[in-house]
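K.L.:
dropping the sequence and predicted coords here.
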Amino acid sequence: MNGTLKQAILFSFFYFLEGIPYGIQSDTLPIIYRSSLSLSLSLTTFSKISLIPWLLKPFLASKCQSINSNKILVKYSLAFAVLVCVLASFFHQNSYKNLLIIQFFLHSAIAAMDIGVDYLQISDETVANDVKSFGFFKSIEVCFYKFGAFVAGAVFLRFSGEGQSDLSLLYGVAGLLYAVGFMVALLCFQTGGQIDQNDVNYEEEKGKPVKISKHAKICGFLLTQKLFGTAFRTLLPLYILDHGILRKEHIAAYTGTLPLIAGTFGSAFGGMIPTVFQRKSEVSVQSLLYGQTTIFTIASIPSYFMFSGHVTNDSFMLFTSVLITVLSFLGGAQTTLVFVRMAEIVKENEFKENRNQLYCWLCSVEIIGKLLCGIIIGSVAEVLGYSSSILLCLGFQFLTLFLV
């Protein structure tokens, strides 16, 4: 099998596994909290506090600066994920507190796994030095991560019932998939006894710091560019549920299927954008990202009318379907370009031995904005209402145009 194809299949599977906890967190649990447990919007969205381990990635990444250490990290992370899922299937008891703890440990395992998988991907010089290949791999990452989230969210809710046995089944299946991933990692990530040159470089230069302050502008962009998308994705299913527009078992399928399909095409398109434009002229990835962000921002404006009640119930589904499709396609393309831009910054880092830590810092900055928005947007919506909350996030979306 062609080496690039084999690598693409391997990373596709790992990114699929990484998407499962996010699907549980963002699609499955909010519907259960709101409909079955009758929790407030504040408590429903506060549950995303369990995503905090994703912010701690840079501190672990600073200790894993070689190919061998990251291969080992992926294996241990998958083994821990299996253990968490097995325990979760027996002890979740449909309890808010229990599920908060379970998701925290599951996110801890998968965030650690993501460090290793990302490092192994960007360590391939053939991929990292070729814009076309890197765009292709980043589009794969986004697509399969979304697919994993879709399976654990929309697909599960479509066929689940009301009992706690359904969540037990979900965690049990997730544990089985992670066990398969662990076996795949054992077969494909052999460490051997060879000396990794990155180990030598790290020991020689580990005192050199990652200067994240040098990238203040891109950090500001990463911090704000997902605020609107997170608010939209979080509030839409809750808005539909509260207004009785769809039955709860159909909501995640509706708000998840269209974004998956459109987002997949968008991510693939985003991976091709640098190749197409840089073939014809010397257009930088930064300029391409600015253009894509501008288009996405303009397309986001109609969302206010949807949440403000200006769209009647008769046309709500049609209006929402078109809007979800457009935003998911454009958002998928933008996400891929963001990752390509981040990798470009890492490649230019003067301290090459710290590239894994710098990449994780940039990823963490991006996650901070999404996490904070996801946690507090429910409280904001309870105070300001759905429409004012979306309007506020639209303001932040326009701010990103000055930070690209």
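P.N.:
Ah, there it is.

K.L.:
list the contacts for Y254?
P.N.:
I240, L246 (C-beta atoms under 8 Å, 6 or more residues apart in numbering). For glycine as for every other residue, the C-beta is placed from the backbone atoms N, C-alpha and C.

K.L.:
can you give me phi and psi for it?
P.N.:
phi -70, psi -50 (degrees, to the nearest 10).

K.L.:
can you check K226 too?
P.N.:
phi -110, psi 0.

K.L.:
which non-adjacent residue is nearest it?
P.N.:
Nearest residue to K226, sequence neighbours excluded (C-beta to C-beta, 6 or more residues apart in numbering): K370, at 4.6 Å.

K.L.:
just checking, that neighbour touches T230?
P.N.:
Yes: under the criterion of C-beta atoms under 8 Å, K370 makes contact with T230 at 4.7 Å.

K.L.:
if we can go back for a sec, which parts of the helix or strand harbouring the residue nearest to K226 are buried?
P.N.:
Element membership for K370 (DSSP states H and E) is helix 355-384. Buried residues in helix 355-384, counted by 16 or more other C-beta atoms under 10 Å: 355-371, 373-381.

K.L.:
stretch 177-190 too?
P.N.:
Buried, per 16+ other C-beta under 10 Å, within stretch 177-190: L177, Y178, A179, G181, F182, V184, A185, F189.

K.L.:
I'd like to know which of the residues you listed are part of helices.
P.N.:
Under the assignment DSSP state H, the buried residues of stretch 177-190 contribute L177, Y178, A179, G181, F182, V184, A185 to helices.

K.L.:
ok, then the element right after the lowest-mean-pLDDT helix or strand in the chain?
P.N.:
Each helix and strand of the chain was given a mean pLDDT (mean pLDDT, DSSP states H and E); the minimum falls on helix 197-205 at a mean of 47. Using DSSP H and E, the helix or strand that follows helix 197-205 in sequence is helix 216-224.

K.L.:
surely V84 touches H107?
P.N.:
No: applying C-beta under 8 Å, one finds V84 not in contact with H107, separated by 9.5 Å.

K.L.:
just to revisit the earlier point, next one: the residue nearest to K226 from F396, what distance?
P.N.:
Distance, K370 to F396, by C-beta to C-beta, to the nearest Å: 12 Å.

K.L.:
contact partners of stretch 5-19?
P.N.:
With C-beta under 8 Å, 6+ apart, stretch 5-19 has contacts from 74, 78, 81, 110, 113-114, 117, 121, 124, 127, 136-137, 140-141, 143-152, 177-178, 181, 184, 188.
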